[in-house]
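Novice: structure, please.
(one chain, ligands or ions: 1)
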Amino acid sequence: MQRALTLHQTTIGKKVIMALSGVVIVGFTIGHFLGNLNLYLGPEAMDGYAATLQSVPPLVWGTRLVLLLAFGAHISSAVSLWVRNVKARGSRYQKRKDLATDYAARTMYWSGPILLLFVVYHLLHFTILPAHPGEVYRNVVEGFQNPLIAGVYIAGNVALGFHIFHGIYSAFQTLGANHPRYNSYRRDAAIAISAAITIGNLSFPISVLAGLVTL
Ligand code: HEM
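Specialist: Residues are numbered from 1 along each chain as shown. Presented below is the predicted three-dimensional model:
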């Protein structure tokens, strides 16, 4: 007898979960980038901004909880779609013909794991084991003055750029904006959002390496 499938057990359900959790993560990333612009205003602005956020525990812990749930949902549906995809490839009746989707999916499978490693490193570096607790400006500038650490951030944010470009493009498709008349706008919107976040984030390690932001 066939059992009814709940939404998260179906391929489209998993894609909807990927898309919605991705929207939450991209929303955080934009907010995080805007907050990090305080780096250009100096130590008082950056440390004051961080201290203001930390002074509202429900905001900090609420954001952490939402992010944890979003990352958990995003990664678990990615893994289960990947397993499904590998199994489907084993069958000669399910050859994939959609080259564009294949290319996007391949990008996600290398950029996703790199991003996960980057985020774990990033949390250890600045949030869990900061060199100077409470001195966010100093932690960031001192960190990025080390070319190896700056290199890790540059590589992580390049992976982020590829990942959110394909992610935003696919999310539009999954969430219904897939019409030939709109497809070029969809691509332009994905390029504009991912390029803005990536260039903005890359500017932080590059400005420190170039000596434009100093201690
Ligand atoms: C060059 C780019 C980035 C810089 C300069 C940066 C900087 C920082 C800093 C300084 C903190 C610690 C704030 C504090 O202690 O108050 C932090 C926390 C964090 N960052 Fe980033 N970040 C960058 C990119 C990213 C990216 C791409 C992500 C993931 C999408 C990310 C996710 C997080 C998360 C989840 C936290 C922890 C927030 C918390 O729970 O306290 N960051 N970041």
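Novice: does anything pack onto the lowest-mean-pLDDT helix or strand in the chain? Which helices or strands?
Specialist: Using mean pLDDT, DSSP states H and E, helix 99-122 stands out as the lowest-scoring helix or strand of the chain, at a mean of 86. Other elements packing on helix 99-122 under the criterion 3 or more Cβ pairs under 8 Å, 6 or more residues apart in numbering; DSSP states H and E are helix 57-89, helix 147-174. Bear in mind the C-beta positions are built from the backbone N, C-alpha and C, glycine included.
Novice: indicate which one of those helices is closest to Gly31.
Specialist: Closest approach to Gly31 among those is made by helix 57-89 (8.9 Å; Cβ to Cβ).
Novice: relative to helix 99-122, how tilted is that closest one?
Specialist: Taking axes from the mean of the first three to the mean of the last three Cα atoms, to 10 degrees, one finds that helix 57-89 is oriented at 140 degrees with respect to helix 99-122.
Novice: name the residues of the chain found near the ligand, please.
Specialist: With Cβ under 6 Å from any ligand atom as the criterion, the chain comes near the ligand at residues 29, 32, 36, 50, 64, 67, 119, 122-123, 126-127, 136, 140, 153, 157, 160, 201, 204-205.
Novice: now, of these, which are buried?
Specialist: For the residues of the chain next to the ligand, a burial check counting by 16 or more other Cβ atoms under 10 Å picks out Thr29, Asn36, Ala50, Val136, Val140, Tyr153, Asn157, Leu160, Asn201, Phe204, Pro205.
Novice: quick check: the fifth one touching Phe126?
Specialist: Yes: taking Cβ atoms under 8 Å as the contact criterion, Val140 and Phe126 are neighbours in contact, 7.2 Å apart.
Novice: quick one: mean pLDDT for stretch 194-208?
Specialist: Stretch 194-208 carries an average pLDDT of 98.
Novice: who's in contact with it?
Specialist: Outside stretch 194-208, the residues within contact range by Cβ atoms under 8 Å, 6 or more residues apart in numbering are 26, 29-30, 33, 36-37, 39-40, 140-141, 144-145, 149-150, 153-154, 157-158, 160-162, 164-165, 168, 213-214.
Novice: so how do I select the buried members of those residues in ChimeraX?
Specialist: Selection of buried members from the contacts of stretch 194-208 for ChimeraX, criterion 16+ other Cβ under 10 Å:
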select :26,29,33,36,39,140,141,144,145,149,150,153,154,157,160,161,162,164,165,168,213
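Novice: coming back round to it: what does the very next helix or strand once past the least confident helix or strand of the chain contact?
Specialist: For helix 99-122, the following helix or strand on the C-terminal side (DSSP states H and E) is helix 136-145. Helix 136-145 has contacts (Cβ under 8 Å, 6+ apart) with 39, 42-43, 46-47, 49-50, 125-126, 130-132, 149-150, 153, 204-205, 208-209, 213-215.
Novice: relative to helix 147-174, how tilted is helix 136-145?
Specialist: Put simply, helix 136-145 runs at 100 degrees to helix 147-174, going by the same axes, to 10 degrees.
Novice: and helix 136-145, how far from the chain's centre?
Specialist: Distance, stretch centre to chain centre, for helix 136-145: 22 Å (Cα atoms, centre = their mean, to the nearest Å).
Novice: restrict it to CA atoms and write it as CSV.
Specialist: Only the C-alpha atoms of helix 136-145 are listed here, as CSV (Å, rounded to 0.1, in the frame of the first residue of the first chain):
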residue,chain,number,x,y,z
VAL,A,136,35.5,43.3,17.4
TYR,A,137,37.3,45.9,15.3
ARG,A,138,40.7,44.8,16.6
ASN,A,139,39.8,41.1,16.1
VAL,A,140,38.8,41.7,12.5
VAL,A,141,41.7,44.0,11.5
GLU,A,142,44.4,41.9,13.3
GLY,A,143,42.9,38.8,11.8
PHE,A,144,42.9,40.1,8.2
GLN,A,145,46.4,41.5,8.5
